[in-house]
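Novice: starting from these lines, generate the structure:
(one chain, ligands or ions: 1)
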Amino acid sequence: MPDSIATKVTKAVVPAAGLGTRFLPATKATPKEMLPVVDKPAIQYVVEEAVHAGLDDVLLITGRSKRSIEDHFDRNYELEEALIAKGDNEGLALIRDSAELATVHYVRQGEPKGLGHAVSCAAKHVGREPFAVLLGDDFIHPDDRLLQRMLEVREQRGGSVVALMEVEHDQVSSYGTAAIDPTDEDDVVRITDLVEKPAPDDAPSNWIIIGRYVCDPAVFGVLEHTPPGRGGEIQLTDALKTLAGMDPADGGGVYGVLFRGRRYDTGNKVDYLRTLVQFAVERPDVAGEFVPWLRKFLDNLQ
Ligand code: UTP
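Specialist: Presented below is the predicted three-dimensional model:
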């Protein structure tokens with residue numbers, strides 16, 4: 001068994017260096033991970049999720065226009081002074097919160113060569129330890145404890161762990177899809193193959209990979225030899241597929257946690273709008289005004 005199996009996961013890696021082309025022109029000078037969901041940027045929910053699961057060493061992989069992300073997780077003394085002068089203690093607490101949330105580190109992905117390449121940029125910071133990857137444009141309701149469950153599975157079984165959600169059969173072609181074998185636990189499967197964006201007839205199941213991973217450090221060696229795949233990008237899915245076929249003694253083996261909870265995607269326009277509405281409806285400070293307006297608006301649409 002590799003040494004890393006006994007090692008606890010303490011680090012989270014959050015890739016946020018993609019081009020965000022589906023959100024142009026909003027993402028011309030701002031990373032899509034900084035788009036707000038009600039009043040917080042999407043990436044803050046993701047960092048909060050990592051901290052909630054006990055991972056407060058967070059490495060953000062940033063690309064061009066990284067300044068706004070760095071500034072968001074840093075103190076802003078000028079703004080603090082202005083809020084103090086106005087007696088706005090609530091605003092003050094909110095802006096200090098994001099700076100004190102976690103120990104945030106940064107590494108730059110020089111060129112957006114794909115999610116797999118972004119993850120390989122974390123090799124030096126992570127070292128020989130297993131680590132979590134949370135995509136910065138995708139988040140999970142904190143009460144649904146997905147990451148915690150994935151960390152348990154890693155501790156019990158070793159290898160790497162992906163999160164899977166079931167979709168309608170005709171939707172599989174938009175996602176990475178997993179071929180799975182059951183285990184002795186209802187919510188845990190063993191991954192035998194991964195197929196990126198299959199035609200529905202070729203899909204091995206209706207279970208798709210979502211943006212949460214726990215990776216064995218063996219992934220770094222595999223990524224070094226993973227050629228560019230779909231879209232000319234180095235795909236994390238391709239590296240996981242290789243890991244699934246490798247010996248556990250070499251850090252291989254991939255498990256899936258079947259997730260049936262609440263996931264919010266902010267990576268494309270329609271899902272982003274859904275996420276905004278869901279969050280607004282769940283927020284006590286805005287729902288009182290927003291929900292009656294939304295009802296009336298929808299009634300008038302018909
Ligand atoms: P996506 O494929 O959704 O992001 O990557 P994208 O490339 O920014 O979006 P579009 O397709 O152009 O609209 C999933 C996650 O991986 C990160 C993205 O920032 C996003 O959080 N990513 C992707 C990187 O960090 N580097 C890359 O080279 C690619």
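Novice: using the three-state scheme, assign the residue in the stretch 201-302 of the chain positioned nearest to the ligand.
Specialist: The nearest approach of the stretch 201-302 of the chain to the ligand comes at Gly267, 4.4 Å away (CB to the nearest ligand atom). Heads up, the C-betas are built off the backbone N, CA and C, glycines and all. Here Gly267 is recorded as coil under DSSP: H, G, I helix; E, B strand; the rest coil.
Novice: what separation is there between the residue lying closest to it once chain neighbours are set aside and Ile210?
Specialist: Nearest residue to Gly267 in three dimensions, chain neighbours excluded: Asp137, at 4.2 Å (CB to CB, 6 or more residues apart in numbering). Separation of Asp137 from Ile210 (CB to CB, to the nearest Å): 11 Å.
Novice: so for those two, which residue has more residues nearby?
Specialist: Taking neighbours as other CB atoms under 10 Å, Asp137 and Ile210 compare with Asp137 leading, 26 against 20.
Novice: list the residues that contact that one.
Specialist: Neighbour list for Asp137: Ala16, Gly18, Gly20, Lys32, Glu33, Ala42, Ile43, Gly211, Asp265, Thr266, Gly267 [criterion: CB atoms under 8 Å, 6 or more residues apart in numbering].
Novice: now the helices for the stretch 151-300 of the chain?
Specialist: Counting by DSSP state H, counting those that start in this stretch, the stretch 151-300 of the chain has helices at residues 218-224, 236-244, 269-282, 284-301.
Novice: give me the neighbour count for the residue of the chain found nearest the ligand.
Specialist: Residue of the chain nearest the ligand, by CB to the nearest ligand atom: Gly18 (2.0 Å). A total of 23 residues lie near Gly18 under the criterion other CB under 10 Å.
Novice: that one: what secondary structure?
Specialist: coil.
Novice: for it, which non-adjacent residue is spatially closest?
Specialist: What sits nearest to Gly18 in space, not counting adjacent residues and going by CB to CB, 6+ apart, is Pro112, at 5.7 Å.
Novice: check what pLDDT the one you found gets.
Specialist: Pro112 is assigned a predicted lDDT (pLDDT) of 93.
Novice: burial measure for it, as a count.
Specialist: The number of residues packed near Pro112 is 18, by other CB under 10 Å.
Novice: tally of neighbours for Gly232?
Specialist: 9.
Novice: then Arg190?
Specialist: By the measure other CB under 10 Å, the count of residues near Arg190 is 17.
Novice: and it, how close does it get to Leu164?
Specialist: 12 Å.
Novice: quick check: neighbours shared by those two?
Specialist: Ile180, Gly256.
Novice: show me what contacts the residue of the chain closest to the ligand?
Specialist: By CB under 8 Å, 6+ apart, the contact set of Gly18 is Pro31, Lys32, Gly63, Pro112, Leu115, Ala118, Asp137.
Novice: now the strands for this structure?
Specialist: Per DSSP state E, the chain carries strands over the ranges 11-16, 36-37, 40-41, 57-62, 103-108, 131-134, 138-140, 160-166, 176-182, 188-196, 207-215, 254-258, 263-265.
Novice: now those in a markdown table, with mean pLDDT and distance to Glu70?
Specialist: Output for those, formatted as a markdown table (pLDDT from 0 to 100; distance: least, CB to CB, whole Å):
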| stretch | mean pLDDT | distance to Glu70 |
| --- | --- | --- |
| strand 11-16 | 97 | 11 |
| strand 36-37 | 94 | 17 |
| strand 40-41 | 94 | 12 |
| strand 57-62 | 96 | 7 |
| strand 103-108 | 95 | 6 |
| strand 131-134 | 98 | 18 |
| strand 138-140 | 88 | 20 |
| strand 160-166 | 98 | 28 |
| strand 176-182 | 95 | 30 |
| strand 188-196 | 94 | 32 |
| strand 207-215 | 97 | 22 |
| strand 254-258 | 98 | 32 |
| strand 263-265 | 89 | 24 |
